[in-house]
Structures are given as structure tokens and as C-alpha cells.
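[1] Sequence and computational prediction follow.
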Amino acid sequence: MQDLARQRCFNHSSREAVAICLDCNNPFCRECVTEHEDRVICAGCLSGLKADKPAKKRTALLRPLIRTALFFSALLFLWLIFFYLGRFLLEMPASFHEGTLWENLWQSI
């Protein structure tokens, strides 16, 4: 790659390049580049970034809905676990809960 001082602007061939766009990697003069979100970018790439902004806004609006749905699905999952654990404990014989099952096992040994 050539030294930046020897390169010419991608849009203006008579001007010396001062920066390289980080998105398209083309050299540009001072009039053709701007700083956006702490990086140097050309006008063409900047307009492409602005076109993507509404898509990010839509996802930002959906994020609380997704989090709410995840919360309630996790709550339902935990409820199902406790529900079936309770059913399992209810189906156990009464001797298990009273402790007589363990006494009978120790006496048989």
C-alpha cells in the first residue's frame, strides 16, 4: 500500500488524501471525510449507516417485549417444576413421609 501522503482523494484526483475511510478503505481529502462515533468515515459510508438506523430503532422497541416474554416463560418454567415436584411428593406413600419406611428398611437389615 502506498504512503498516505502520496495518495490522492478518491473523489477529487487533484487533492491530496488526508485520511482513509475505515469502512471502504479508500483515501479521501479533508472535505470528503467526517468523524462519526469516534472514527473517520466518508460520506457514502455515512449515508449507508444512517439508512441502517431505523432497523436498530425497531429492534430497540422490541427489546422490552422480548425481555418481558422471556421473564414470563422463565416464571412458567419454574412453576411447572414446582407443580410436578409437588405431584411427585403427593404420590409417595404415607409411610415415606412419616419415616416408617426408613425404620422398616433398617429393621430388615
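    Okay, I see it.
[2] what residue lies at the spatial centre of this protein?
    Centroid-nearest residue in the chain, with C-alpha atoms, centre = their mean: residue 63, separated by 10.1 Å.
[3] how much space between that one and residue 70?
    Taking C-beta to C-beta, to the nearest Å as the criterion, residue 63 is separated from residue 70 by 11 Å. Any C-beta I mention is one placed from the backbone N, CA and C, and that applies to glycine too.
[4] secondary structure element for the residue nearest to the centre of the chain?
    Taking DSSP states H and E as the criterion, the element that holds residue 63 is helix 43-91.
[5] What residues of the helix or strand just after that helix count as buried?
    Downstream of helix 43-91, the next assigned helix or strand under DSSP H and E is helix 94-98. Within helix 94-98, no residue qualifies as buried by neighbour count (16 or more other C-beta atoms under 10 Å).
[6] packing partners for helix 94-98?
    Contact analysis of helix 94-98 by 3 or more C-beta pairs under 8 Å, 6 or more residues apart in numbering; DSSP states H and E lists no helix or strand as a packing neighbour.
[7] Show the average pLDDT along that helix.
    For helix 94-98, mean pLDDT is 73.
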